[in-house]
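Engineer: Quick one, fold the following:
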Amino acid sequence: MLLIEDNESLAESVRLYFHNEGHPLDWVNSVEKAQNSLSFDEFDLLILDINLPGASGFQLLRSLRSKGNRIPVLVLTARTEIDDRVSALDFGADDYLAKPFDFRELSARCRALYRRERGKASNDIICGNLIYDLAVHTAVVNGVVLDLRHRERQLLELFLKNLDRVLTKDDISNRLYHFDEAYTPNAIEQTLTRLRKQLTGSSLIIKTIRGLGYLAHVDD
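Structural biologist: So this is what the prediction gives:
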């Protein structure tokens, strides 16, 4: 996820909350920086403030939609007038949440947007004998809850959202780590090794595609 918010204290609080939930979230404080990030990286969802230095959030929203970019956008702003809500939705926002807000509601709305994007009504991702709950971040195989570490949960969720798609190490690192978060070159391999061990006996197979990356596949 990408948060576009100029209040540093609020942004850090949001980022910490989602990090503790197992979701890396990147943060920029202007439309210009957001456009730069969107030009070279992929995101599942944008959390967008309206009152920003320079160009407004409305301008970014209109620009994205005019280019056919359908990324889910949740507007998060102190502007609570009906006209502002109507404008945000008409410009292409998928949801609108007013400040101040409860972090649990923000997280739930983000999950709802992700479900809508997948065309699903449930938080569960079911892959054969593996069930992953996006709301509580638990994985169950044949009725047994897996004891996953923080990064293992993140990596599993990433693969489940990209079944039968090759993910490079760059794809994985961009989704698992913040812009300014350091990690060792072999950190992904170590996490993947532990995750594969946890998934022993499950229907989900993570294959290494030599020279390209990794691919998660459901073995029926």
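Engineer: CA only for contacts and neighbour counts going forward, please
Structural biologist: OK.
Engineer: Flag every buried residue along stretch 155-170.
Structural biologist: 155, 156, 157, 158, 159, 160, 163, 166, 167 (16 or more other C-alpha atoms under 10 Å).
Engineer: and the end-to-end length of that stretch?
Structural biologist: End-to-end distance of stretch 155-170: 13 Å, with C-alpha to C-alpha, to the nearest Å as the criterion.
Engineer: Could you tell me how many residues sit around residue 216?
Structural biologist: By the criterion of other C-alpha atoms under 10 Å, residue 216 has 21 neighbours.
Engineer: now it: how far from residue 142?
Structural biologist: Separation of residue 216 from residue 142 (C-alpha to C-alpha): 19 Å.
Engineer: same check, this time on residue 94
Structural biologist: From residue 94 to residue 142 the distance is 36 Å (C-alpha to C-alpha).
Engineer: And residue 175, by the same measure?
Structural biologist: Residue 175 is 28 Å from residue 142, by C-alpha to C-alpha.
Engineer: So, low pLDDT: which residues of this protein?
Structural biologist: Within the chain, the stretches falling below the threshold (pLDDT under 70) are 118-122, 178-185, 220.
Engineer: What are the boundaries of the strands in it?
Structural biologist: Ranges of strands in the chain, per DSSP state E, are 2-4, 26-28, 46-48, 73-77, 95-98, 124-127, 130-133, 138-141, 144-145, 204-209, 213-218.
Engineer: Run through the bridge partners of residue 75.
Structural biologist: Here residue 75 sits in beta bridges with residue 48, residue 96, going by DSSP bridges.
Engineer: could the strands of the chain go into JSON lines alongside distance to residue 89?
Structural biologist: Putting the strands of the chain into JSON lines (distance: least, C-alpha to C-alpha, whole Å) gives the following:
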{"stretch": "strand 2-4", "distance to residue 89": "17"}
{"stretch": "strand 26-28", "distance to residue 89": "22"}
{"stretch": "strand 46-48", "distance to residue 89": "13"}
{"stretch": "strand 73-77", "distance to residue 89": "9"}
{"stretch": "strand 95-98", "distance to residue 89": "7"}
{"stretch": "strand 124-127", "distance to residue 89": "28"}
{"stretch": "strand 130-133", "distance to residue 89": "29"}
{"stretch": "strand 138-141", "distance to residue 89": "33"}
{"stretch": "strand 144-145", "distance to residue 89": "40"}
{"stretch": "strand 204-209", "distance to residue 89": "38"}
{"stretch": "strand 213-218", "distance to residue 89": "36"}
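Engineer: in stretch 88-100, what's buried?
Structural biologist: 88, 89, 91, 92, 93, 94, 95, 96, 97, 98.
Engineer: Any idea how far apart the tips of it sit?
Structural biologist: End-to-end distance for stretch 88-100: 18 Å, by C-alpha to C-alpha.
Engineer: how many neighbours does residue 83 have?
Structural biologist: 10.
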